[in-house]
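Visitor: how would this look folded up:
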Amino acid sequence: MIYTEKTYKEARMVAVKAHSNQSYDEIFPYEKHIDDVVDVLKRFGFSGKYIVGGYLHDAIEDDGISFNDIKKHFGIEVAEMVYCVTDELGRNRKEKKAKTLPKTASNSDAIILKLGDRIANIEHGGKIDMYAEEYGEFKGALFLNTPVDAKPMWFHLDVLLKVKSVNETIEN
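Guide: Numbering: from 1, shown residues only. As a prediction, the model looks like this:
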């Protein structure tokens, strides 16, 4: 499938409509988060299916948009990517992530998408302690299967989380 500016706009429109009743950090409209994810992916040199996936990354999990709908409108690669970052069911976050990370690790495109999502969340500043606490497990599950062109995203995450640790040290 060929991804054009028109495809990007369509994916964004679907995502904005699907997330219209949600907020991000209880302050911002959710579209801020999906735009942030796409901005991160672009900043690290990703385009095409990754931009479409960036817009739709939470569509199955949060909005009830089906895998088949994504596949029909945006292609199998995007649908697989989004499916692989969609949280599995679980009693709590730890259980959900334990079930989801192996699925994400099985798809190198999904790893890139998940890294874009995680960077956007950390740069936004919300839930940094939670992400720092689970970083070892997160990186352990995904790093070895990460494509070479996405390795700088890990370096950036390392820096973001170390900066937080330095700031905490200075504040204490």
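Visitor: ok, now which ones touch Ala15?
Guide: Shown in contact with Ala15 (C-beta atoms under 8 Å, 6 or more residues apart in numbering): Glu31, Ile34, Tyr55, Leu56, Asp58, Ala59. C-beta: built from backbone N, CA, C; applies to glycine.
Visitor: got it, and Asp58?
Guide: Applying C-beta under 8 Å, 6+ apart, one finds that Asp58 lies in contact with Ala15, His19, His33, Ile34.
Visitor: Please enumerate the strands of this structure.
Guide: With DSSP state E as the criterion, the chain has strands at 23-24, 28-29.
Visitor: okay, those in JSON lines with mean neighbour count and mean pLDDT next?
Guide: Shown next, in JSON lines, are the strands of the chain (neighbours: other C-beta atoms under 10 Å; pLDDT from 0 to 100):
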{"stretch": "strand 23-24", "mean neighbour count": "15", "mean pLDDT": "67"}
{"stretch": "strand 28-29", "mean neighbour count": "15", "mean pLDDT": "74"}
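Visitor: Tell me which of the ones you listed sits nearest to Asn92.
Guide: strand 23-24 (21.5 Å; C-beta to C-beta).
Visitor: ok, so of the contacts of Asp58, who is nearest Glu77?
Guide: When these are compared against Glu77 (criterion: C-beta to C-beta), the nearest one is Ala15, at 17.0 Å.
Visitor: From Gly54, how far out is that closest one?
Guide: 9 Å (C-beta to C-beta, to the nearest Å).
Visitor: And for Met13?
Guide: Where Gly54 is concerned, Met13 sits at a distance of 14 Å (C-beta to C-beta).
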